[in-house]
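**Student:** can't give you the sequence, but here's the structure:
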Ligand code: TRP
């Protein structure tokens with residue numbers, strides 16, 4: 001069975017777009033692959049979170065992924081910093097990662113531009129840590145979006161460089177695992193493309209939002225002044241809301257409002273009210289699970305111990321072999 005690794009940013013609370021997109025695909029993959037999913041909390045140190053924020057963010061992400069259906073018995077779900085073997089492999093890979101190639105990474109250049117006062121070495125070597133995340137389990141498949149393609153290419157470079165240096169084929173090449181065909185696109189509420197794409201809380205409905213917040217956000221979603229001709233094409237802001245409705249409402253409801261639009265009788269207030277209630281309905285089981293899991297300390301402890309144990313078993317095997325290859329041998 002092929003091995004899959006993916007890192008989850010520890011700062012992102014899940015919105016509907018994540019849920020119906022990447023997360024659902026993770027949930028499907030855990031049945032078909034040897035999956036390692038981890039919360040990338042080492043990576044988050046590049047932005048210097050307070051200890052309280054760091055811990056709170058990790059907990060929230062763990063809770064939400066469990067609530068969304070990741071099964072810690074099927075996949076290995078762990079917290080990166082609980083597996084120090086990752087940091088050790090990162091150290092080794094850093095010895096053969098060159099300043100020039102690291103500086104050329106698009107994400108690094110973006111950070112230099114956006115936070116010129118905090119261009120730390122962790123930011124520069126972010127792709128090396130990501131390579132360590134993947135190579136530590138000798139993964140071949142990495143379910144990430146287009147924005148991570150360059151990092152993945154660097155992971156292949158670092159793995160191949162290690163292989164060449166020690167004249168073996170120890171690390172397999174990891175490739176992006178694309179499920180774009182399966183990807184449900186969830187538009188944002190501000191009429192500006194995908195949910196979560198633009199900054200600002202109002203654009204996205206989060207799984208952890210309470211029902212009043214969801215109602216408020218949806219009622220404030222951007223619309224226009226309404227259709228003036230029968231069967232006219234919908235402008236993007238309206239089409240987006242219909243696309244959302246397609247995902248969360250019944251076919252009958254969707255057809256009902258589509259019909260009203262096409263006959264110029266739609267009232268956006270009613271339309272959005274319905275949309276809000278259907279989003280609430282569709283997400284209430286998961287909202288309840290988030291609540292329950294967040295308050296179940298024993299369960300969270302059990303999950304994180306199990307994940308650490310399984311991840312370290314795989315990681316320590318790799319590190320043992322890598323140390324032997326490098327020449328760190330015991331007398
Ligand atoms: N860089 C990824 C992101 O920003 C997160 C990540 C860290 C990751 N390590 C990884 C993804 C390893 C896949 C594999 O989303």
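**Tutor:** That came in fine, so what should we check first? Computed from a predicted model, the values in this text were never measured in an experiment.
**Student:** you'd agree residue 193 is up against residue 187?
**Tutor:** Yes - contact criterion CB atoms under 8 Å: residue 193 and residue 187 qualify, at 6.8 Å. The C-beta positions use only the backbone N, C-alpha and C, and glycine is treated the same way.
**Student:** Would you mind measuring from residue 146 to the ligand?
**Tutor:** Distance, residue 146 to the ligand, using CB to the nearest ligand atom, to the nearest Å: 11 Å.
**Student:** do the same with residue 297
**Tutor:** Taking CB to the nearest ligand atom, one finds residue 297 at 27 Å from the ligand.
**Student:** Neighbour count: residue 193 and residue 187, which is higher?
**Tutor:** Using other CB atoms under 10 Å, the more surrounded residue of residue 193 and residue 187 is residue 187, with 24 against 14.
**Student:** so what's the closest residue to the more buried one other than its chain neighbours scoring on pLDDT?
**Tutor:** Nearest residue to residue 187 in three dimensions, chain neighbours excluded: residue 240, at 3.5 Å (CB to CB, 6 or more residues apart in numbering). Listed pLDDT for residue 240 reads 93.
**Student:** what does the one 4 residues further on give?
**Tutor:** For residue 244, the pLDDT comes out at 95.
**Student:** what's the first-to-last distance across stretch 221-235?
**Tutor:** End-to-end span of stretch 221-235 (CA to CA, to the nearest Å): 14 Å.
**Student:** Run through who's touching it.
**Tutor:** Stretch 221-235 is contacted by residues 189-191, 237-238, 241-242, 261-264, 266, 268, 272, 275 when judged by CB atoms under 8 Å, 6 or more residues apart in numbering.
**Student:** taking the residues you listed one by one, which sit in helices?
**Tutor:** Among these, the members found in helices (DSSP state H) are 237, 238, 241, 242, 261, 262, 268, 272, 275.
**Student:** Any chance of those residues in JSON lines with distance to the ligand and neighbour count as columns?
**Tutor:** Formatted as JSON lines, the ones in helices among the contacts of stretch 221-235 follow (distance: CB to the nearest ligand atom, whole Å; neighbours: other CB atoms under 10 Å):
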{"residue": "237", "distance to the ligand": "28", "neighbour count": "16"}
{"residue": "238", "distance to the ligand": "31", "neighbour count": "21"}
{"residue": "241", "distance to the ligand": "28", "neighbour count": "23"}
{"residue": "242", "distance to the ligand": "29", "neighbour count": "17"}
{"residue": "261", "distance to the ligand": "37", "neighbour count": "20"}
{"residue": "262", "distance to the ligand": "40", "neighbour count": "15"}
{"residue": "268", "distance to the ligand": "35", "neighbour count": "18"}
{"residue": "272", "distance to the ligand": "32", "neighbour count": "20"}
{"residue": "275", "distance to the ligand": "29", "neighbour count": "25"}
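**Student:** Close to the ligand: what parts of the chain are there?
**Tutor:** Within the chain, the positions lying close to the ligand (CB under 6 Å from any ligand atom) are 5-7, 9, 40, 43, 130, 133-134, 142, 144, 148, 151.
**Student:** Show me the shaky parts of this protein.
**Tutor:** Applying pLDDT under 70 to the chain flags the ranges 180-183, 199.
**Student:** Name the helix or strand for the residue in it positioned nearest to the ligand, please.
**Tutor:** Proximity of the chain to the ligand (CB to the nearest ligand atom) peaks at residue 7, 2.7 Å away. Assigned by DSSP states H and E, residue 7 belongs to strand 3-9.
**Student:** and if you look at residue 245?
**Tutor:** Going by DSSP H and E, residue 245 is in helix 236-248.
**Student:** Then residue 77?
**Tutor:** Applying DSSP H and E as the criterion places residue 77 in strand 76-79.
**Student:** and if you look at residue 158?
**Tutor:** Counting by DSSP H and E, residue 158 is part of helix 149-165.
**Student:** Now do that helix against strand 3-9, angle only.
**Tutor:** Using axes from the mean of the first three to the mean of the last three CA atoms, to 10 degrees, the inter-axis angle of helix 149-165 relative to strand 3-9 is 130 degrees.
**Student:** what does helix 149-165 rub up against?
**Tutor:** With CB under 8 Å, 6+ apart, helix 149-165 has contacts from 92-93, 96-97, 101, 105-107, 126-128, 130-131, 134-135, 142, 144, 169-176.
**Student:** helix or strand right after that helix?
**Tutor:** Note on helix 149-165: by DSSP H and E, the next helix or strand toward the C-terminus is strand 175-176.
**Student:** neighbouring strands for that next one, and are they parallel or not?
**Tutor:** According to DSSP bridges, strand 175-176 forms sheet pairs with strand 141-142 (parallel).
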